[in-house]
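Enquirer: this is a predicted model, with the sequence first.
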Amino acid sequence: MAKDLRTHLQLLRQHFPSEICTVKRGPLSTAEGEACALLYHLEQQNKWPCVVFEHVTDLSGKRWPGSVVFSDATTWRKIAVSFDMLEDFLDPGAVLKEAVRRGQSPIAPITIPRRDAPVAQIVWKDDEADLTCLPAYRKEEGDARPGWLCAVAVAADPDTGRYNCSWHRHLVHGPKKSAVRINYRHLWDYMQRLKQRGRQELPVAFVFGHHPAFSLAAGSKAGLDVDEYAYAGGLLGEPLRLTPSLSFGDDLLIPADAEVVVEGYIHLSEKDGCGPWSDFMRYYSPATSEPVFRPVVITMRENPHFLHSWTGHHEIMFDFAGMMEVYMEIVRRYPRLRAVNCIAPMTFVLQYSPEHPGEAQRLAAHAFGALGDKVKNLILVDEDVNLFDPAAIWFSIATRVDASTEQLTVFRDILANRQDSSRARPLQVGGIFIDSTKPLGRGPMEIAVPEKEVFDRVRLEDYLTKDEVNRLQRDV
């Protein structure tokens, strides 16, 4: 069976049922934020399950003929499951290295006939291809009405045919119109080249729901010489199955095992308002003028699982995509790099111990220069510091950093992310580098630990039962 969102949910239910729950009662209006309200209640209890809502309404108020899924990859455990790592022991560093290994080994996709493609089971076209018949959503009070869609766009390079997959948000304006936020990357480049040739629209398809590895591929960068369908196949560990789109045939292949695909056109000149919307930094992005999308055909599976993104709330998948990109870029020049963690938007911790004066600063300069708006703040820690433990990171800063030295460096006038609310100038911002490793030439520094022989011999389970341990209050 090909990997898709359904196989991922099945693995969660089978192996880690605490990572997923189903809400059967309803109706719930995603456009009025009712589904996200339940997610907020769970967040307040520090619970981050994948939630399947079985009774929700679409933007027109009618019942959606399927379910809505949030948070399919919001924890390290779910990310591990998406890479077939089903062991009880969870090592985030090992998950990252497995993802990087797969990302460096693309697998070419395969094409199957539409009659065999699950996504072609139901077809809405002409007047039925109506964006208000989708379960658009709002997350926060200030999100613009009537509702939003967040999906992976797939488009082909007009010159080479290379496929690009990237995440974009839409503000729905009506049955046949939405405004799509498009940053100055590959999809924008495709649009500009077609516009120079006198074209008016770019053929595109938006994917709502697939395996998390496909979503991850769309959130991270492959090399320009790598087709991103092949990159997604590498992350999946098997060929991504494609099928001809109904609107464009073989000129635009779409993922055959997607849940819902909306085919249509992005206009190269016409724009409309998009925003405000609470973005990944948890602040509202102001309304901007963005390209207009026109749907032509909506195809879907029977009982479709419509995937939404609870952006800004423990979305480890998007942090993870950045971690992969940072790791793959840095390790090429600094092979002793052990691991990377994203602890806040555009803020990364690298586990790397410099061996020569100035090496840390050179590494930081390379990161800020090569990774563009992905990196704003960078922290370097030693191998004895758990970079997945925020307390350990702060401990290293407190005990190893002298801010009056080169250990603290400010990088000025670096490329700013469009969503960065802190920037004082358009597309420019300052970044901070903290070298929190043991200072070279200042003598030995060793964190105190218990004697290993005693620690191994005196076992907790010999003195306290599992129930007694579970009853103890966690430090929060």
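Expert: Now that the structure is in, tell me what you want to look at.
Enquirer: my guess is residue 38 meets residue 51, correct?
Expert: Yes - proximity of residue 38 to residue 51 meets the contact threshold set by CB atoms under 8 Å, at 7.0 Å. (Glycine included, C-beta is placed from N, CA and C.)
Enquirer: these two - which one has more neighbours?
Expert: residue 51 (24 against 16; other CB atoms under 10 Å).
Enquirer: show me the contacts for that one.
Expert: Going by CB atoms under 8 Å, 6 or more residues apart in numbering, residue 51 touches 20, 21, 22, 23, 35, 38, 39, 42, 69, 70, 71.
Enquirer: quick one: buried ones out of those?
Expert: 20, 23, 35, 38, 39, 69, 70, 71 (16 or more other CB atoms under 10 Å).
Enquirer: so which of those is the closest to residue 118?
Expert: Closest approach between these and residue 118, by CB to CB: residue 69, at 15.8 Å.
Enquirer: let me see the contact set for residue 278.
Expert: Residue 278 is in contact with 139, 140, 142, 143, 284, 285, 311, 312, counting by CB under 8 Å, 6+ apart.
Enquirer: identify the residue with the minimum pLDDT among these.
Expert: Lowest in pLDDT among the contacts of residue 278 is residue 312, which has 79.
Enquirer: what about that residue, neighbour count?
Expert: 16.
Enquirer: where's the closest residue in space to it that isn't next to it in sequence relative to residue 43, distance?
Expert: In this structure, residue 312 finds its nearest non-sequential neighbour in residue 282, 4.5 Å apart by CB to CB, 6 or more residues apart in numbering. Taking CB to CB, to the nearest Å as the measure, residue 282 falls 12 Å from residue 43.
Enquirer: who's more crowded, these two?
Expert: Remark: of residue 282 and residue 43, residue 43 carries more neighbours, 16 against 12, as counted by other CB under 10 Å.
Enquirer: how about the helices of the stretch 101-250 of the chain, start to end?
Expert: Taking DSSP state H, counting those that start in this stretch as the test, the helices found in the stretch 101-250 of the chain are 186-196, 212-219, 228-236.
Enquirer: as TSV, those with mean neighbour count and mean pLDDT would be great.
Expert: Formatted as TSV, these follow (neighbours: other CB atoms under 10 Å; pLDDT from 0 to 100):
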stretch	mean neighbour count	mean pLDDT
helix 186-196	16	95
helix 212-219	25	95
helix 228-236	26	97
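Enquirer: in JSON lines, list the ones you listed along with distance to residue 59.
Expert: Below are those laid out as JSON lines (distance: least, CB to CB, whole Å):
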{"stretch": "helix 186-196", "distance to residue 59": "24"}
{"stretch": "helix 212-219", "distance to residue 59": "23"}
{"stretch": "helix 228-236", "distance to residue 59": "29"}
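Enquirer: which among those helices is found nearest to residue 403?
Expert: Among the helices of the stretch 101-250 of the chain, helix 212-219 comes nearest to residue 403, with 33.8 Å by CB to CB.
Enquirer: just want the most central residue of this structure.
Expert: residue 318 (2.2 Å; CA atoms, centre = their mean).
Enquirer: residue ranges with poor pLDDT in the stretch 151-300 of the chain?
Expert: Judged against pLDDT under 70, the stretch 151-300 of the chain has no low-scoring part.
Enquirer: let's see that with 80 instead.
Expert: 223-224, 281 (pLDDT under 80).
Enquirer: now do the strands in it.
Expert: Ranges of strands within the stretch 151-300 of the chain are 163-174, 177-180, 201-208, 241-245, 249-255, 260-274, 277-278, 284-285, 288-300, based on DSSP state E, counting those that start in this stretch.
Enquirer: in JSON lines, list those strands along with distance to residue 398.
Expert: Below are these laid out as JSON lines (distance: least, CB to CB, whole Å):
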{"stretch": "strand 163-174", "distance to residue 398": "37"}
{"stretch": "strand 177-180", "distance to residue 398": "45"}
{"stretch": "strand 201-208", "distance to residue 398": "45"}
{"stretch": "strand 241-245", "distance to residue 398": "51"}
{"stretch": "strand 249-255", "distance to residue 398": "47"}
{"stretch": "strand 260-274", "distance to residue 398": "43"}
{"stretch": "strand 277-278", "distance to residue 398": "33"}
{"stretch": "strand 284-285", "distance to residue 398": "34"}
{"stretch": "strand 288-300", "distance to residue 398": "40"}
